[in-house]
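J.: got a sequence here, can you model it:
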Amino acid sequence: MKKVLLLSASPRKGGNSDILCDEFMRGAVEAGNKAEKIFLREKNINYCTGCGTCSFLGKPCPQKDDMAKILDKLIEADVIVMATPVYFYTMDAQMKTLIDRCCSRYTEMKEKEFYFIVTAAVDSIAQMERTVEGLRGFTVCLDSPRERGVIYGAGVWQAGEVKDKPAMQEAYDAGRNV
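T.: Numbering: from 1, shown residues only. Predicted coordinates:
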């Protein structure tokens, strides 16, 4: 049994990337894993202020928000699923803010397996790669990360459109194979 943490950065509950998170989680749970989804919109995560308390002084981030608990969960997880809609060919602000706030404890995130879920109105997977590269920019800073898969929800704009796309089965299968 693995601990699977899904980070849903969709600003819409029931948005396309959020729906794919649910499918991934369904597969993971059916396969006997423990899974938890964090819907970032519901969390209070402040921007990194660059104060240097964590990096220069080696102390915990002084901000009092939900990020400390999320960091604990990231460190405890075996598998991390990062799901974001594509906004102007990159991840949305919710995901980027979370990544920036990992600065205080990213060195503790060791040997994690990662899956990326990206959704976009554009049909071109090649154009969605910029977003995936941004997510990889985070994982490359970690100790021994293993990218296990990318699920592309291409050609979806309105909430729920992904339900008729192959990405639904891909997300479920990825979860089953964690």
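J.: and the most centrally placed residue in the chain, bridged to which residues?
T.: Per CA atoms, centre = their mean, the C-alpha nearest to the average position across the chain is that of Met82, at 1.5 Å. Beta-bridge partners recorded for Met82 (DSSP bridges): Leu7, Phe116.
J.: next one: the one 4 residues further on
T.: Each beta-bridge partner of Val86 is listed here, defined by DSSP bridges: Met91.
J.: Val122 is in contact with that one, correct?
T.: Yes. Taking contacts as CB atoms under 8 Å, Val86 lies within contact range of Val122: 7.3 Å. To be clear about C-beta, it is placed using only N, CA and C from the backbone, and glycine gets the same treatment.
J.: give me the more crowded residue out of those two.
T.: More neighbours surround Val86 than the other of Val86 and Val122, with 23 against 15 (other CB atoms under 10 Å).
J.: residues touching the more buried one, list them.
T.: Asp92, Val118, Thr119, Ala120, Ala121, Val122, Met128, Thr131 (CB atoms under 8 Å, 6 or more residues apart in numbering).
J.: show the buried residues in the residues you listed.
T.: Asp92, Val118, Thr119, Ala120, Met128, Thr131 (16 or more other CB atoms under 10 Å).
J.: in strands, which of those appear?
T.: Of these, the ones assigned to strands by DSSP state E are Val118, Thr119, Ala120.
J.: which of those sits closest to Glu42?
T.: Thr119 (18.9 Å; CB to CB).
J.: now the contacts of Val86 in TSV, with pLDDT?
T.: Conversion of the contacts of Val86 to TSV gives the following (pLDDT from 0 to 100):
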residue	pLDDT
Asp92	97
Val118	98
Thr119	98
Ala120	98
Ala121	96
Val122	95
Met128	96
Thr131	97
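J.: what segments of the protein are strands?
T.: Ranges of strands within the chain are 3-8, 34-39, 79-87, 90-91, 113-120, 146-154, based on DSSP E.
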